[in-house]
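In: sequence and predicted structure below; questions after.
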Amino acid sequence: MNTRQFFYLTLLSVAATALLIVSCQNKETEAVLEEGSFKLIQTQIFDKSCATSGCHASEQDASFKQHGLILTSNVSYDNLFNKLPKNSAAQSDSLRLITPGNVAKSFLYTKLNCSAASLLSGKQYGNPMPLGANGLSVGEIDFIKKWIESGAPRSGGSVDASLITNSVPLCGSTFGSTFTALEPPKAADGIQLHLDPFEVTNTYERELFIRKPVGNATELYINRVQSRMRPGSHHFILYDFKSLNNLPTMGQIRDLRNADGTSNLGTFLSMQNHVFWAGTQTQEYDFSFPEGIALRIPPNYSFDFNSHYVNKTTGKIPGEVYVNLYKLDKAKVKIVANALNLANESLTISANRRTVLTKTFSFAKATKVLMLTSHTHKLGEKFVIKIVGGARNGEIVYESTDWEHPLIKTFTQPLEFKAGEGLMSEITYNNTTSKAVRFGLTSEDEMGIIFGYYYEQ
């Protein structure tokens, strides 16, 4: 065989192999497209991104008590069709997981649609799903939308099946993808703070701190806080400081962990000076104080920005945060509020066991509480807050079973406490791991914190 013959035979062999691969791919695609509409959603979306261990695969998943939703093929349709979500805000808005024919009233669509800012704005619906993983593509979310609009049939369906093979990312899960910035307030109404995009490497969780200036030459009174984050965020908090001496260097990023995975001692030490000021565990957040109540920011002030992202994908993702602070004219301020930060830092949760831990916090002066919310990590199954002391001793004033997007409860009539009375946290943890878990800062540790706002009488 001469060189030319060998070349042609090799070329024919390569071409035949390529045709075989294309043929197999086409047959695989055709097989997918021949499935009914819901079967496609199950096999191409739920099975790959939702019904996975630790998420929506079984009642043994650590997060099950939070969402109560199994999406395996044998039960997913019945668990979705016209069923109530566990999210209390969604229930209040009369949403169902799937409301046939009505996308706006279908909570599943809202949770999967990472660009649904108009639906999420001001709502405590929680982060888009799947959390920490690649979001749905343009075609996938459009397919689900059209399936719901067509009545969400269990079998069959007339939705264009080719949509589901469109792999163009919908938003924000990778560098260069679309992310809609939070529109800043008008200069007369407030200011915007921005945590610039930062990298979260593949299959990694990154938590960082950076002290940034507010940019205010005069004191400010803030009665509304609004924020927006890219997908993948675990939480974002603006921290004030117990002492203004020995503050972290302005503009310097301080990671919680070093590049080799060890703890950054300097960052941990700086956290001892923190006082919660505002924050959220949800991608969209919007909180307003009652009329005449505001938080005060001194002139030329700064906050410690704390952002925590979890990346479960095989590629790098960006973290980014926008925060709007809306001003109230000083002449209209009747009450200056303070942030509540009551933490049980001595908790230990035994392995393979459900544990209930309590902690009592007393107020030194007569106090009125305006708002309460809670913070745990994924083992937190139920968070209850009770009044301690006085005529209402033992009364439950807060209850949340959703660690990821906990209830934010604002009291029309503030809770009143005399000196010596207070609050108690009663938290149920379900430790499904084989090791004891203690208070800590990573998502594998646990927390038990009452956040909120109050003022002293």
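Out: Arrived safely, thanks for sending. Note that the structure is a prediction, hence the values are computed from the model and not measured.
In: which residues of the stretch 101-250 of the chain score low on pLDDT?
Out: Filtered on pLDDT under 70, the stretch 101-250 of the chain yields the residue ranges 114-124, 126-127, 131-134, 166, 168-178.
In: so the residue lying closest to T433 once chain neighbours are set aside is in which element?
Out: Sequence neighbours aside, A351 is the residue nearest to T433 in space, at 6.2 Å (criterion: Cβ to Cβ, 6 or more residues apart in numbering). Every C-beta, even on glycine, is put in place using the N, C-alpha and C of the backbone. Using DSSP states H and E, A351 sits in no helix or strand.
In: mind listing what A351 touches?
Out: Counting by Cβ atoms under 8 Å, 6 or more residues apart in numbering, A351 touches 431, 433-437.
In: same thing but at 7 Å, please
Out: Shown in contact with A351 (Cβ atoms under 7 Å, 6 or more residues apart in numbering): 431, 433-436.
In: which intervals of the stretch 301-450 of the chain have sub-threshold pLDDT?
Out: Low-confidence segments of the stretch 301-450 of the chain (pLDDT under 70): 405, 441, 443.
In: could you redo the last one with a cut-off of 80?
Out: Low-confidence segments of the stretch 301-450 of the chain (pLDDT under 80): 312-314, 402-407, 440-444.
In: what about the strands in it?
Out: Assigned strands in the stretch 301-450 of the chain, in chain order: 302-311, 317-327, 335-343, 348-349, 353-362, 367-375, 380-388, 396-400, 409-417, 422-431, 437-438, 449-456 (criterion: DSSP state E, counting those that start in this stretch).
In: quick one: the first one to strand 317-327, angle?
Out: Same thing as strand 302-311. On the basis of axes from the mean of the first three to the mean of the last three Cα atoms, to 10 degrees, strand 302-311 is oriented at 140 degrees to strand 317-327.
In: ok, the spatially closest residue to V336 that is not a sequence neighbour to M129 distance?
Out: Distances taken as Cβ to Cβ, 6+ apart place R296 nearest to V336, at 5.0 Å, with adjacent residues excluded. Counting by Cβ to Cβ, to the nearest Å, the gap between R296 and M129 amounts to 38 Å.
In: neighbour count: the two, which is higher?
Out: More neighbours surround M129 than the other of R296 and M129, with 21 against 14 (other Cβ atoms under 10 Å).
In: quick one: secondary structure of the more buried one?
Out: When classified by DSSP: H, G, I helix; E, B strand; the rest coil, M129 comes out as coil.
In: please name the residues that touch it.
Out: Listed by Cβ under 7 Å, 6+ apart, the contact set of M129 reads 111-112.
In: kindly report the same for E140.
Out: Per Cβ under 7 Å, 6+ apart, neighbours of E140: 45, 164.
In: doesn't it belong to a strand?
Out: No: the assignment for E140 (three-state DSSP) gives helix, which keeps it out of a strand.
In: measure it to I450 for me?
Out: 39 Å.
In: same check on S88?
Out: 18 Å.
In: who has more neighbours, the two?
Out: Legend: neighbour count by other Cβ under 10 Å for S88 and I450, higher for I450 (24 against 17).
In: my guess is that one contacts S425. True?
Out: Yes: I450 is in contact with S425 according to Cβ atoms under 7 Å; the separation is 5.5 Å.
In: which residues do those two both contact?
Out: I385.
In: for K330, which non-adjacent residue is spatially closest?
Out: K330 sits nearest to Y221 (Cβ to Cβ, 6+ apart), 5.7 Å away.
In: which residues sit against the helix or strand containing the residue nearest to V336?
Out: For R296, the element it lies in under DSSP H and E is strand 293-297. The contact list for strand 293-297 (Cβ under 7 Å, 6+ apart) reads 214, 216, 219-223, 328, 333-337, 370.
In: so it versus strand 409-417, what angle?
Out: With the same axes, to 10 degrees defining the directions, strand 293-297 sits at 90 degrees from strand 409-417.
In: distance from the chain centre to strand 293-297, please.
Out: A distance of 26 Å separates the centroid of the chain from that of strand 293-297, by Cα atoms, centre = their mean, to the nearest Å.
In: in it, what counts as buried?
Out: 293-295, 297 (16 or more other Cβ atoms under 10 Å).
In: now do the nearest residue to A152 once chain neighbours are set aside against I148, distance only.
Out: Leaving aside its chain neighbours, A152 sits nearest to P100 (4.3 Å; criterion: Cβ to Cβ, 6+ apart). From P100 over to I148 the distance is 7 Å, taken as Cβ to Cβ.
In: who's more crowded, these two?
Out: For P100 versus I148, the count of surrounding residues by other Cβ under 10 Å is larger for I148: 22 against 16.
In: quick one: secondary structure of that one?
Out: Classification of I148 using three-state DSSP returns helix.
In: ok, it touching A104?
Out: No: using Cβ under 7 Å as the test, I148 is too far from A104 to be in contact (9.7 Å).
In: quick revisit: name the next helix or strand following the helix or strand where the residue nearest to K330 lies along the chain.
Out: According to DSSP H and E, Y221 maps onto strand 220-229. Proceeding N to C from strand 220-229, the next assigned helix or strand is strand 233-241, under DSSP H and E.
In: now the angle from that following strand to strand 335-343?
Out: Going by the same axes, to 10 degrees, strand 233-241 makes 120 degrees with strand 335-343.
In: list phi and psi for Y301.
Out: Here is the backbone geometry of Y301 (degrees, to the nearest 10): phi -100, psi 170.
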